[in-house]
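Engineer: model the structure of this input:
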Amino acid sequence: MRKIYLPYGKNRVIAQIEESRLAGILVSSLHSYRSKSSGDELVLAAMANPIGSERLRELARGKNKVVIVASDHTRPVPSKIIIPKMLKEIREGNPAADITILVATGCHRDTTEIELKEKFGKDIFFNEKIKIHDCDDTENLVSLGTLPSGGELVINRIAAEADLLVAEGFIEPHFFAGFSGGRKSILPGIASRKTVVYNHNGRFIADSRSRTGITEGNPINRDMVFAAKKARLAYIVNVVLNSEKQVIYAVAGDVEKAHGKGCEFLRSVCRADAVLSDIVISTNGGYPLDQNIYQSVKGMTAAEATVKPNGIIIMLAKADDGDGGKTFYETFRDGKDIEKLMDRFIKTPPYNTIADQWQSQIFARILLKATVIYVSDAADKVVEDMHMIPAHSVDEALEKADDILRSRGIINGSITVIPDGVSVIVV
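Structural biologist: The predicted structure is shown next:
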């Protein structure tokens, strides 16, 4: 029996798999990668040697209104490491700079005070100016023109009016933008809802290049890069994290060049070859990425890439924050026919894209390929309403999976395990 530890919330659970059934464990070498430097040292080194730009303190000279775009509560960005260093460099270049930290919530809920204190630390929370982006606050949003896709680019006024706009973030494989980080601080980070939904339209989501690890020719990425340039995002500090959420790589500098360097690194360590199996177990990498069902679709896409057609995905995500999106939940609660839902998503004109449609479309694609058993703390009815089978342990999920397979004439089906579905590029 093989014991495999899987992240679940802030803890880990154990999956015990018979050796005879274990087809593979898909992990990226990201988690075994070791840096000789600490996270602090890596970030400082990156900022001392920016890629494609001057140092932040040089960029800050003469810039009075400075805005730092920071990630929100759904991202494990180590802001306590990054933000103090960015603040220090900005003030070295311009001690009198008026600095605002703008929390990039995208279309997520507001970040709470407790979450802000945990994210930034009490010193920054109490002593720095922090604003939270609201994608629906039309009075504080401004238009910057038209995206390559034809949608209108509308972003947060605070960022648009900055003399210097910079951002922190982290880079990981992303299930339709190719990679997170970099340009995503602007779109979707501080964009209006109508801009985000246009960019995430059904046609773009269905594009074969809108997949994990792909940026070249990716229509979603193309809009995002344009938005970052149009917003004049001058500088980024982005990190790569291992499964312990420790910084193992860092880049700083130009949004395209620095981010591209980080993506190159990830491509070199995150690739894993698919091992087609009857059952695939995946996770969303634990807290904070597994707080709700909405976010856990990301980890499911890794399983989707290696599960056999009509197979079973066992997805572990604590989801103690529930479904993660009212519209996302209601789409599946009220939509009984997944094929009809998918057809509707793809045929919806970009300007009529509704909130969370992109996540719904990808989730529907997964449900059309496999049965999903969902291990979580979410209410069973919510899980069932979303066309999944609820379970509360790996053992229970495996029992249910085996019962389903036996009904199809499959005994002791093969099992592939993906301990962290958001950190691996399955090809």
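
Engineer: with adjacent residues omitted, what lies nearest to Ala162?
Structural biologist: Val67 (4.0 Å; Cβ to Cβ, 6 or more residues apart in numbering). From N, CA and C alone the C-beta is placed, and that goes for glycine too.

Engineer: how close does the one you found get to Leu44?
Structural biologist: The gap separating Val67 from Leu44 is 22 Å, by Cβ to Cβ, to the nearest Å.

Engineer: settle it for me: which of the two has more neighbours?
Structural biologist: Between Val67 and Leu44, counted using other Cβ atoms under 10 Å, Val67 has the larger neighbour count: 27 against 17.

Engineer: would you check that that one makes contact with Ala159?
Structural biologist: Yes - at 5.3 Å, Val67 and Ala159 qualify as touching, with contact defined as Cβ atoms under 8 Å.

Engineer: for stretch 378-398, buried residues please.
Structural biologist: 378, 382-383, 386-391, 394, 397-398 (16 or more other Cβ atoms under 10 Å).

Engineer: just the ones of these in strands?
Structural biologist: 389-391 (DSSP state E).

Engineer: so what sits against both of Val67 and Ala159?
Structural biologist: With contacts defined as Cβ atoms under 8 Å, 6 or more residues apart in numbering, the residues shared by Val67 and Ala159 are 102, 165.

Engineer: what is the neighbour count of Glu216?
Structural biologist: Other residues close to Glu216 by other Cβ under 10 Å number 8.

Engineer: how close does it sit to Glu304?
Structural biologist: 22 Å.

Engineer: now do the helix or strand where Tyr198 lies: which elements does it pack against?
Structural biologist: Element membership for Tyr198 (DSSP states H and E) is helix 193-199. With contacts defined as 3 or more Cβ pairs under 8 Å, 6 or more residues apart in numbering; DSSP states H and E, helix 193-199 has these neighbours: strand 152-156, helix 219-230.

Engineer: distance from the chain centre to the shortest one, please.
Structural biologist: If you compare the mean C-alpha spot of strand 152-156 with that of the full chain, they lie 21 Å apart, counting by Cα atoms, centre = their mean, to the nearest Å.

Engineer: again, but for the longest one
Structural biologist: Average the C-alpha atoms of helix 219-230, do the same for its chain, and the two points are 17 Å apart (Cα atoms, centre = their mean).

Engineer: for the record, mean pLDDT for that helix?
Structural biologist: Regarding helix 219-230, the rounded mean pLDDT is 98.

Engineer: could you do the shortest one as well?
Structural biologist: Taken as a whole, strand 152-156 has a mean pLDDT of 98.

Engineer: ok, and what's touching it?
Structural biologist: 102, 133, 140-147, 186-187, 190-192, 194-195, 198, 226-227, 230-231.

Engineer: so for it, what gets flagged as buried?
Structural biologist: 153-156.

Engineer: following that strand in sequence, what is the next regular element?
Structural biologist: helix 157-160.

Engineer: may I have the distance across stretch 49-67, first residue to last?
Structural biologist: 21 Å (Cα to Cα, to the nearest Å).

Engineer: that one: how far from the chain's middle?
Structural biologist: Counting by Cα atoms, centre = their mean, stretch 49-67 comes out at 27 Å from the chain centroid.

Engineer: contacts for it, please.
Structural biologist: By Cβ under 8 Å, 6+ apart, the surrounding residues in contact with stretch 49-67 are 47-48, 86, 89-94, 96-102, 158-159, 161-166, 234-235, 251-254, 256-258, 261.

Engineer: show only the entries of those found in helices.
Structural biologist: 47-48, 86, 89-93, 158-159, 256-258, 261 (DSSP state H).

Engineer: now do the helices in the stretch 301-427 of the chain.
Structural biologist: 326-334, 338-347, 357-369, 380-385, 394-407 (DSSP state H, counting those that start in this stretch).

Engineer: just checking, what packs against the fourth one?
Structural biologist: The reference is to helix 380-385. So helix 380-385, by 3+ Cβ pairs under 8 Å, 6+ apart, packs with helix 326-334, strand 389-391.

Engineer: same question for the last one, mean pLDDT?
Structural biologist: To tie it back to what came earlier, the one meant is strand 389-391. 98.

Engineer: who are the packing partners of that strand?
Structural biologist: Applying 3+ Cβ pairs under 8 Å, 6+ apart, we find strand 389-391 packed against strand 370-375, helix 380-385, helix 394-407.

Engineer: now stretch 367-380, how far from the centre of its chain.
Structural biologist: 19 Å.

Engineer: list the buried residues of that stretch.
Structural biologist: 367, 369-376, 378.

Engineer: before we move on, what about stretch 67-82?
Structural biologist: Judged by neighbour count using 16+ other Cβ under 10 Å, the buried positions of stretch 67-82 are 67-79, 81-82.

Engineer: farthest-separated two in those residues?
Structural biologist: Farthest pair in the buried residues of stretch 67-82 (Cβ to Cβ) is Val67 and Pro76. Separation: 22.3 Å.

Engineer: which intervals of the stretch 151-300 of the chain have sub-threshold pLDDT?
Structural biologist: By pLDDT under 70, the stretch 151-300 of the chain contains no weakly predicted segment.

Engineer: quick one, strands of it?
Structural biologist: According to DSSP state E, counting those that start in this stretch, the stretch 151-300 of the chain carries its strands in the segments 152-156, 164-170, 173-174, 178-179, 233-241, 247-253, 271-272, 277-283.

Engineer: winner for burial among these?
Structural biologist: strand 277-283 (a mean of 29; mean count of other Cβ atoms under 10 Å).

Engineer: what sits up against it?
Structural biologist: With Cβ under 8 Å, 6+ apart, strand 277-283 has contacts from 6-8, 15, 23-24, 290, 299-300, 302-303, 306-308, 311-317, 370, 394, 397-398, 401, 405, 410, 413-421.

Engineer: repeat for stretch 142-149
Structural biologist: Contacts for stretch 142-149 (Cβ under 8 Å, 6+ apart): 152-155, 157, 160-161, 195, 198-199, 201, 204, 219, 222-223, 226-227, 230-231, 350.

Engineer: 7 Å - rerun?
Structural biologist: 152-155, 157, 160, 198-199, 219, 222-223, 226-227, 230-231, 350 (Cβ atoms under 7 Å, 6 or more residues apart in numbering).
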